[in-house]
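Asks: Model the structure of this input:
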Amino acid sequence: MPDATQNAPAATDMRSAAAADRVPDVVIITGMSGSGRTQAMHVFEDMGYYCIDNLPPRLVLDLAELVGINSGIGRHLAVTCDLRSQGLFDEMNDTITQLEEHELSVKLLFLDCSDEVLMRRYKETRRRHPIASPGESIESAVRRERKQLRAVRDRADLVIDTSHMRTAALCSRIRRSFSELTEQQLMDVSVYSFGFKHGMPTEADLMIDVRFLPNPFYDPEMRPLTGNDEKVASYVLGNEVTGKFLQAWRQLLDVVMPGYVAEGKSQLSIAIGCTGGQHRSVTIANDTASYLKKQGYHVILSHRDLRLANVATV
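Replies: So this is what the prediction gives:
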């Protein structure tokens, strides 16, 4: 099945319709053992799907009704099914028919991989192939499994070959095919201000020190205010040094943010620090969060040390 995102229309409503069309109520994940089903399940979990591993196909409909997939609350279900037994192909077809009869949309995702790569993966991990009989070689087990799964592969709505695909690329491919959100929106970006005098952040992926910017603290009128106040924000942002910094800072973000998205990073933390975490860092954190939101990222803004500041009260 062709990817619905390859020729996405420009209009927002058309993009939304295309996204809704490609996001089914139920996704059934199967494929060759060692092809990446576990990694795929983790991606669906990150996208907010209700996920169950190794579920017999006949139980999919019962589970969908149990967790309220058809309740209209926007929940989606992803399950992995072990289809190595020949009889399960007919069971899978019956399950898909039942789901459709209950007005639940369903797509079958098949993860494939070349025999050579699969055999190398099993040899590197020293794992026994799950369908290998006592004394049977990995090569024989892989070929037998492929033969058993041929009909399932032909039935699949989407086949992804992971032979030469990095985990990040697999994540990106699944997200493009089964998420209502853009890849930028799928990454939670935490932007927060802090004060160096209250301690360095330990969890930040990116950290920027803005103590070189002019400090409103030395103005008696702005000392009790914060970067959330218009007077302080105008003072910091209106400075020529700040203008040059923001231009360079945004150029850096324009480079690194798409890189993090391409790597499949689900969470990113950006810390912006000044001396006390009250004026400059708050202003720049607010500006950074606003800039990233305009780029389509899901941003969570916070000010770590603002509660410790000596601020004016109304």
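
Asks: and F245, what element?
Replies: helix 240-262 (DSSP states H and E).

Asks: Only alpha carbons, please: show that helix as CSV.
Replies: What follows is helix 240-262, C-alpha atoms only, in CSV (Å, rounded to 0.1, in the frame of the first residue of the first chain):
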residue,chain,number,x,y,z
GLU,A,240,21.7,44.7,20.1
VAL,A,241,23.7,41.9,21.6
THR,A,242,20.6,39.9,22.2
GLY,A,243,19.5,40.4,18.6
LYS,A,244,22.8,38.9,17.3
PHE,A,245,22.6,36.1,19.8
LEU,A,246,19.0,35.1,18.9
GLN,A,247,19.9,35.1,15.2
ALA,A,248,22.7,32.7,15.8
TRP,A,249,20.7,30.6,18.4
ARG,A,250,17.8,30.1,16.0
GLN,A,251,20.2,29.1,13.2
LEU,A,252,21.6,26.5,15.5
LEU,A,253,18.1,25.2,16.4
ASP,A,254,17.2,25.0,12.7
VAL,A,255,20.2,22.6,12.3
VAL,A,256,20.0,20.5,15.4
MET,A,257,16.2,20.1,15.8
PRO,A,258,15.6,18.3,12.5
GLY,A,259,18.6,16.1,13.3
TYR,A,260,17.1,15.0,16.6
VAL,A,261,13.8,14.3,14.8
ALA,A,262,15.6,12.2,12.2
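
Asks: average pLDDT for it?
Replies: Average pLDDT, helix 240-262: 95.

Asks: Output the contacting helices and strands for that helix.
Replies: Under the contact criterion of 3 or more Cβ pairs under 8 Å, 6 or more residues apart in numbering; DSSP states H and E, helix 240-262 touches helix 167-178, helix 183-186, helix 230-237, helix 280-294. For every residue, glycine as well, the C-beta is placed using N, CA and C.

Asks: Output the ones you listed as TSV; include the columns mean neighbour count.
Replies: Listed next are the helices and strands packed on helix 240-262 as TSV, based on neighbours: other Cβ atoms under 10 Å:
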stretch	mean neighbour count
helix 167-178	19
helix 183-186	18
helix 230-237	18
helix 280-294	22
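
Asks: Ok, which of those comes nearest G199?
Replies: The closest of the helices and strands packed on helix 240-262 to G199 is helix 280-294. By Cβ to Cβ, the value is 13.4 Å.

Asks: now that closest one: how far from the chain's centre is it?
Replies: 22 Å (Cα atoms, centre = their mean, to the nearest Å).

Asks: now that helix against helix 230-237, angle please.
Replies: 80 degrees (axes from the mean of the first three to the mean of the last three Cα atoms, to 10 degrees).

Asks: report the angle between the axes of helix 280-294 and helix 240-262?
Replies: Going by the same axes, to 10 degrees, helix 280-294 makes 50 degrees with helix 240-262.

Asks: elements contacting whichever helix or strand comes after helix 280-294?
Replies: Downstream of helix 280-294, the next assigned helix or strand under DSSP H and E is strand 298-303. Secondary-structure packing of strand 298-303 (3+ Cβ pairs under 8 Å, 6+ apart): helix 183-186, strand 188-195, helix 280-294.

Asks: buried residues in strand 298-303?
Replies: 299, 301, 303 (16 or more other Cβ atoms under 10 Å).

Asks: Other residues contacting the helix holding F245?
Replies: Residues from elsewhere that reach helix 240-262 (Cβ atoms under 8 Å, 6 or more residues apart in numbering): 168, 172, 183-184, 187, 189, 205-206, 208, 210, 212-214, 236-237, 268, 284, 287-288, 291-292, 295, 297.

Asks: do that again at 7 Å, thanks
Replies: 168, 172, 183-184, 187, 208, 213-214, 236, 268, 287, 291-292, 297 (Cβ atoms under 7 Å, 6 or more residues apart in numbering).

Asks: Please state the offset of that helix from the chain centre?
Replies: Computed by Cα atoms, centre = their mean, the chain-centroid distance of helix 240-262 equals 22 Å.

Asks: Report the buried residues of it.
Replies: Under 16+ other Cβ under 10 Å, the buried positions of helix 240-262 are 242, 245, 249, 253, 257, 260-261.

Asks: Just want the angle from that helix to strand 188-195.
Replies: 150 degrees.

Asks: Taking helix 167-178 as reference, get the angle to helix 240-262.
Replies: Using the same axes, to 10 degrees, the inter-axis angle of helix 240-262 relative to helix 167-178 is 90 degrees.

Asks: just to revisit the earlier point, confidence-wise, which of the helices and strands packed on helix 240-262 is weakest overall?
Replies: Among the helices and strands packed on helix 240-262, helix 183-186 scores lowest, at a mean of 77.
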